[in-house]
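>>> Have a look; sequence and predicted model below, questions after that.
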Amino acid sequence: MAARYTKLQGEYLDFIDRYTRRHGRPPSEADLMAYFNVMSSTVHQMVVRLEKCGLVERTPGEARSIRILAPREELPLANAESHTTPIRAPLNTHYPDLAGWVMGTGWVVLGKTLRGDSMGTAMNESGVVWEGKEGYKNFEELLQDLEKGIRKWKDENL
């Protein structure tokens, strides 16, 4: 039987199914954001799209109410022995200090701002605690530098 969803939609369905079976409740949009490492608007658009396709349903205003409507045998990994879909690691797996920072009381700005030439800034209610360089080879290098900067600030101030 041909799949009635895209590869990415299948990845979302697979995650929702595995999460629900493992935790005994459906994932929240925040769980989906963390797993797929995307913004809330991206997750919301995908859930709405899955709903319009008749693949899931939700109860408006009720948290963790997403339920898969597609038969389990139609899910991408229902009969697979091993998980072959690439797993996107949550941000906190590779950057625990950065993730803790933004999930706590701090925030970051990535990219140049009107304020200066830095490609990244970490702040809290007291102000700027870390500023990156003018340029990086790639985004990964920026995130690594940001992780180190936040860790250094925490070590010196907490």
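Cool, the structure landed. Numbers count the residues shown, from 1 in each chain.

>>> Buried residues, the longest helix along the chain. List them.
Selection of the longest helix in the chain by residue count, based on DSSP state H, yields helix 139-157. Of the residues in helix 139-157, those with enough neighbours to count as buried (16 or more other Cβ atoms under 10 Å) are 142-143, 145-147, 149-151, 153. For every residue, glycine as well, the C-beta is placed using N, CA and C.

>>> which helices and strands sit right next to it?
Using 3 or more Cβ pairs under 8 Å, 6 or more residues apart in numbering; DSSP states H and E as the contact criterion, the neighbours of helix 139-157 among helices and strands are helix 96-103, strand 107-110, strand 120-124, strand 127-131.

>>> need the ones you listed in TSV with mean neighbour count, mean pLDDT and distance to residue 23, can you?
Listed next are the helices and strands packed on helix 139-157 as TSV, based on neighbours: other Cβ atoms under 10 Å; pLDDT from 0 to 100; distance: least, Cβ to Cβ, whole Å:
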stretch	mean neighbour count	mean pLDDT	distance to residue 23
helix 96-103	17	87	19
strand 107-110	15	88	29
strand 120-124	19	90	32
strand 127-131	15	91	35
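
>>> re earlier: which residues are contacting the longest helix of the chain?
Helix 139-157 has contacts (Cβ atoms under 8 Å, 6 or more residues apart in numbering) with 94-98, 101, 106, 108, 110, 119-120, 122, 129-133, 136.

>>> try 6 Å
95, 97-98, 101, 119-120, 122, 129-130, 132, 136 (Cβ atoms under 6 Å, 6 or more residues apart in numbering).

>>> got it, and stretch 42-60?
12, 29, 32-33, 65-70.

>>> what about 10 Å?
Counting by Cβ atoms under 10 Å, 6 or more residues apart in numbering, stretch 42-60 makes contact with 4-6, 8-13, 16, 26-36, 38-39, 64-70, 74-75, all of which sit outside it.

>>> Equivalent analysis for stretch 23-30, please.
The contact list for stretch 23-30 (Cβ under 10 Å, 6+ apart) reads 12, 15-20, 31-35, 40-44, 46-47, 56, 58, 63-68, 103.
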